[in-house]
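# missing the sequence, but the structure's below:
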């Protein structure tokens, strides 16, 4: 079955950096777009970054452009999210998922996510 295991979250001060990882299984990783989502308390889950199957195209939410970088390693079925200049509003649980294109909805179940907390 489709599974995602996210890791790398933690508590950082504003301006700090974190790199998240997500190991995926149960589908053809190298044939699908991968995306990172986040859900902050009281808010809906939002897509923050996406990357096409071979890393040719990217998509970022306006709120993270220039600060976050998504990448993937198809040999390891892993997608990464490098986050720099973190701000308190980036605090959320971060999830990964797969989808058919950068703008379509995710297809898999949600993993446990990884908590990112940014203190001011």
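Cool, the structure landed. Predicted, not measured: the structure shown is a model, and the values here were computed from it. Residues are numbered from 1 along each chain as shown.
# Quickly find the element holding the residue nearest in space to the middle of the chain.
Geometric centre of the chain, nearest residue: residue 36, 2.3 Å, by C-alpha atoms, centre = their mean. Element membership for residue 36 (DSSP states H and E) is strand 33-39.
# mean confidence for the helix or strand where residue 47 lies?
Using DSSP H and E, residue 47 maps to strand 46-51. Mean pLDDT, strand 46-51: 97.
# Work out the gap between that strand and the centre of the chain.
Centroid separation for strand 46-51 versus its chain: 6 Å, with C-alpha atoms, centre = their mean, to the nearest Å.
# Show the model's pLDDT score for residue 70.
Here the pLDDT value assigned to residue 70 is 98.
# And residue 63, its phi and psi?
phi -70, psi -20 (degrees, to the nearest 10).
# Please apply the same query to residue 20.
The phi/psi pair for residue 20 (degrees, to the nearest 10) reads phi -90, psi 150.
# what bridges to it?
Taking DSSP bridges as the rule, residue 20 bridges to residue 81.
# Ok, residue 46 next?
Per DSSP bridges, the residues bridged to residue 46 are residue 38.
# quick thing: my sequence starts at 38, can you match it?
Renumbered: residue one is now 38, and that last one reads residue 83.
# surely it meets residue 99?
No - look at residue 83 against residue 99 with C-beta atoms under 8 Å: they stay out of range, at 10.8 Å. For every residue, glycine as well, the C-beta is placed using N, CA and C.
# Who has more neighbours out of those two?
Shown here are residue 83 and residue 99; by other C-beta atoms under 10 Å, residue 83 has more neighbours (14 against 6).
# mind checking how far the more buried one is from residue 60?
Going from residue 83 to residue 60 by C-beta to C-beta, to the nearest Å gives 22 Å.
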